[in-house]
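Novice: coordinates only, sequence not included:
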Ligand code: AHG
Ligand code: MN
Ligand code: MN
Ligand code: MN
């Protein structure tokens, strides 16, 4: 099933084709490279390699006017219509950053979500948000969002303005396996990030309630944990912490795209107060936010606890 908008379809097809290559390219690229990304996190070789692969391919798509990623400082203004992509460069010194971004779509990417799971060989993901340019943008400016899950099987969850679909990715092709994906009514699983002593009292109260009702599923890669929630129903959260009230996850690259997918699947998202998609972004493309996604009732209860 293809997406009606040809530019969005080109982005989705490029990501699903690249996913097979990314999965195969993880072998031998597990080592830390001794550099930090703009969020101050240690980068592994696969973080940078996947980012460069996706930057080259996505920025070459006609209609994509900006490329941004968790792994590079600046938003790249793509050459777009004349097809010259931003050639790889990890510090965003390619492409013409000075020109005001043209109309078209801006693609925000988390090339490898949960890359610390490479060392322990656990699930990871790739997250892509397709926004009406320019970035930074509100989640409401998303026209599509997708994530690839590198699990036992490589799958993609794709949300457009119409529906949420699940695909199996094999040999560069995407095969539709589930249409109209919706969050199950009855919640079953939960997963909360951050260290328990670093949780605020209000969040701890909420977590203590949820722990008596649901089963713990926390694997250290948001995409793996969110896929559990989308499959079984429940809640995933990475709360604001005592040590860092904005939490860990990035609004543009993680919170908005995943919030969009879960809301399109009939659930809710929140930063603790409001839908992530309504959060007015700052001009920091790497800004962090508390992230909660899952069944509406569970998110409503969370906001009551935190209010
Ligand atoms: P990334 O690898 O893209 O930086 O994302 C890691 C994030 C997210 O995937 C996950 O939910 C969270 O970090 C896990 O954080 P902790 O290690 O603090 O649990
Ligand atoms: Mn990271
Ligand atoms: Mn991530
Ligand atoms: Mn990442």
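Specialist: It's in. If you're wondering where the values come from, they're calculated on a predicted model, not measured in any experiment. Numbers count the residues shown, from 1 in each chain. Ligands and ions are numbered 1, 2, ... in the order given.

Novice: Residue 302 is in contact with residue 206, isn't it?
Specialist: Yes. When contacts are counted by C-beta atoms under 8 Å, residue 302 is listed as touching residue 206 (5.5 Å). All C-beta spots, glycine's among them, are computed from the backbone N, C-alpha and C.

Novice: Buried residues, stretch 169-178. List them.
Specialist: Buried positions in stretch 169-178, judged by neighbour count with 16 or more other C-beta atoms under 10 Å: 169, 174.

Novice: end to end, how far does that stretch reach?
Specialist: The first and final residues of stretch 169-178 sit 13 Å from each other (C-alpha to C-alpha, to the nearest Å).

Novice: hmm, who's touching that stretch?
Specialist: 1, 12-13, 16-17, 19-21, 148, 154-156, 165-168 (C-beta atoms under 8 Å, 6 or more residues apart in numbering).

Novice: Quick check: closest non-adjacent residue to residue 146.
Specialist: Closest residue to residue 146 apart from its sequence neighbours, by C-beta to C-beta, 6 or more residues apart in numbering: residue 158 at 4.3 Å.

Novice: what about that neighbour, which SS state?
Specialist: Under DSSP: H, G, I helix; E, B strand; the rest coil, the three-state class of residue 158 is strand.

Novice: Taking this structure, what residue is nearest to ligand 1?
Specialist: residue 222 (3.5 Å; C-beta to the nearest ligand atom).

Novice: isn't that residue right up against residue 247?
Specialist: No. Using C-beta under 8 Å, residue 222 makes no contact with residue 247, being 11.4 Å away.

Novice: Those two - which one has more neighbours?
Specialist: residue 222 (27 against 22; other C-beta atoms under 10 Å).

Novice: next one: phi and psi at the more buried one?
Specialist: phi -50, psi -40 (degrees, to the nearest 10).

Novice: List the contacts of it.
Specialist: Counting by C-beta under 8 Å, 6+ apart, residue 222 makes contact with 113, 114, 125, 193, 236, 238, 249, 254, 258, 291.

Novice: hmm, try it at 7 Å
Specialist: 113, 114, 236, 249, 254, 258 (C-beta atoms under 7 Å, 6 or more residues apart in numbering).

Novice: Of those - the most surrounded one?
Specialist: Of all the contacts of residue 222, the most densely surrounded is residue 258 (32 neighbours; neighbours counted as other C-beta under 10 Å).

Novice: That one belongs to a strand, doesn't it?
Specialist: No. Read with three-state DSSP, residue 258 is helix and lies in no strand.

Novice: hang on, it packs against residue 226?
Specialist: Yes. With contacts counted by C-beta atoms under 7 Å, residue 258 reaches residue 226, the gap being 5.5 Å.

Novice: Pull the contacting residues for residue 277.
Specialist: If you count contacts by C-beta under 7 Å, 6+ apart, residue 277 has them with 138, 139, 140, 256, 259, 260, 263, 269.

Novice: Among these, name the buried ones.
Specialist: Listed as buried from the contacts of residue 277 are 138, 139, 256, 259, 260, 263, 269; burial here means 16+ other C-beta under 10 Å.

Novice: Distance of the second one relative to residue 154?
Specialist: Spelled out, it's residue 139. Taking C-beta to C-beta, to the nearest Å as the measure, residue 139 falls 26 Å from residue 154.

Novice: Okay then, goodbye and thanks.
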